[in-house]
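**Q** return a 3D structure for these sequence lines:
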Amino acid sequence: MSQLAHEPRASPTEEESAPGEAPFADMVWIPGRTFWMGSDQHYPEEAPAHRVTTSGFWMDRFTVTNADFARFVEATGYVTVAERPLNPADYPGAVAELLVPGSLVFRKTSGRVDLRDLSRWWAYVPGASWKQPEGQGSSVSTRARHPVVHVAYEDVAAYAQWAGKVLPTEAEWELAARGGLDRQEFCWGNEFTPGGHHLANTWQGEFPWQNLAQDGHEGTCPVGSFPSNGHGLHEMAGNVWEWTSDWYRARHAEGHRGKACCIPVNPRGPSTPDDSFDAHLPAVRIPRRVLKGGSFLCAPNYCRRYRPAARSPQPVDSGASHIGFRCIVRPTRA
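**A** Numbers count the residues shown, from 1 in each chain. As a prediction, this is how the structure comes out:
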């Protein structure tokens, strides 16, 4: 592994060829290139659309599965954040009975609800964790090939280090998700269901009460259930949101839209988490990282974020039943 490094490299001058064999099984080469990142056509946090240059890297073909994560836990004895006792000082004003190990679990409602009130479909469930995704009594025994969920940022970083990999930056993730396409709405083009075929695990029907499951899945699906994008990556849209290493900010930095001399190379998010706190919860000083890709809960009437440009802030101390991750490896140059 001496030829591998975890830091971004110099700008590619042309689309790069893979530097030899993949360092691990089920990793694919993502050629470096200049592309348009973000979108001016959708949610405000995706703007402005801007050109960036990103060097090539290897990426996991699939999100990390329950079976993958179980091997990590067995080898290291690791205990996830959702399984640890909580410190009341970190959650001022929280209800005492909720200050126990657990995680956020989606609950489908019985009818239409106010979409401004997330508490109508999200519940903090004591005992919910990666191995008990719906709480006490649930299990992943039949979901070995499903994405691991209920993993906080600390958990995914620990897994990546153990595996000899790292988490992608937001720009790296978006480049990979686009599958070689530029300025297209989805990972596969501009039509959501070409020929009437669903190409991602998303929500059909009226969220959060009517799930028609026309794509064949009501919750998460096994990895590889949908066709890969142009880079050979599966489920880069829908199924589960995926952690990136970048701190969140409410808009992209102003990139350059024209001159090649000024295009950012291997951009990262803010260098500190200072701007990533939730302005609506000033007393809760928990920074947020960028999630990408959308999930099985994304629906046209609520969260149309099953697109490469889409992004979401997630507090680093918590996961949920729709958040997972995949890793990358960046090669060095002689």
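**Q** alpha carbons only for contacts and neighbour counts from here, please
**A** OK.
**Q** which SS class is Trp173?
**A** Reduced to three states with DSSP: H, G, I helix; E, B strand; the rest coil, the structure at Trp173 is helix.
**Q** try Phe62
**A** Going by three-state DSSP: Phe62 is coil.
**Q** so it sits right up against Val223, yeah?
**A** Yes: shown here, Phe62 and Val223 form a contact pair, counting by C-alpha atoms under 8 Å, at 6.0 Å.
**Q** what sits in contact with each of the two?
**A** Jointly contacting Phe62 and Val223 under the rule C-alpha atoms under 8 Å, 6 or more residues apart in numbering are 234-235.
**Q** with neighbour numbers in mind, choose between the two.
**A** Phe62 (24 against 18; other C-alpha atoms under 10 Å).
**Q** next up, the contacts around the more buried one.
**A** By C-alpha under 8 Å, 6+ apart, the contact set of Phe62 is 26, 223-224, 233-235, 326.
**Q** next: Leu199.
**A** Taking C-alpha under 8 Å, 6+ apart, one finds 192-193, 226-227 in contact with Leu199.
**Q** rewinding a little: now the buried members of the contacts of Phe62.
**A** For those, a burial check counting by 16 or more other C-alpha atoms under 10 Å picks out 223, 233-235, 326.
**Q** out of these, who's nearest Gly180?
**A** Gly180 has its nearest neighbour among these in Leu233, at 11.3 Å by C-alpha to C-alpha.
**Q** burial of the closest residue to Pro19 other than its chain neighbours, as a residue count?
**A** Among residues not flanking Pro19 along the chain, Pro331 sits closest, at 7.5 Å (C-alpha to C-alpha, 6 or more residues apart in numbering). Pro331 sits with 24 neighbouring residues when counted by other C-alpha under 10 Å.
**Q** one step back: I'd like the buried ones among the contacts of Phe62 as CSV, with secondary structure, distance to Ala250 and pLDDT appended.
**A** Shown next, in CSV, are the buried ones among the contacts of Phe62 (DSSP: H, G, I helix; E, B strand; the rest coil; distance: C-alpha to C-alpha, whole Å; pLDDT from 0 to 100):
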residue, secondary structure, distance to Ala250, pLDDT
Val223, coil, 31, 98
Leu233, coil, 28, 98
His234, coil, 28, 98
Glu235, coil, 25, 98
Arg326, coil, 23, 98
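**Q** show me where the chain has its helices.
**A** Counting by DSSP state H, the chain has helices at residues 66-76, 153-163, 170-177.
**Q** now tell me what touches the second one from outside.
**A** So the one you mean is helix 153-163. 69, 72, 80-81, 166-167, 243, 316-319, 325, 327.
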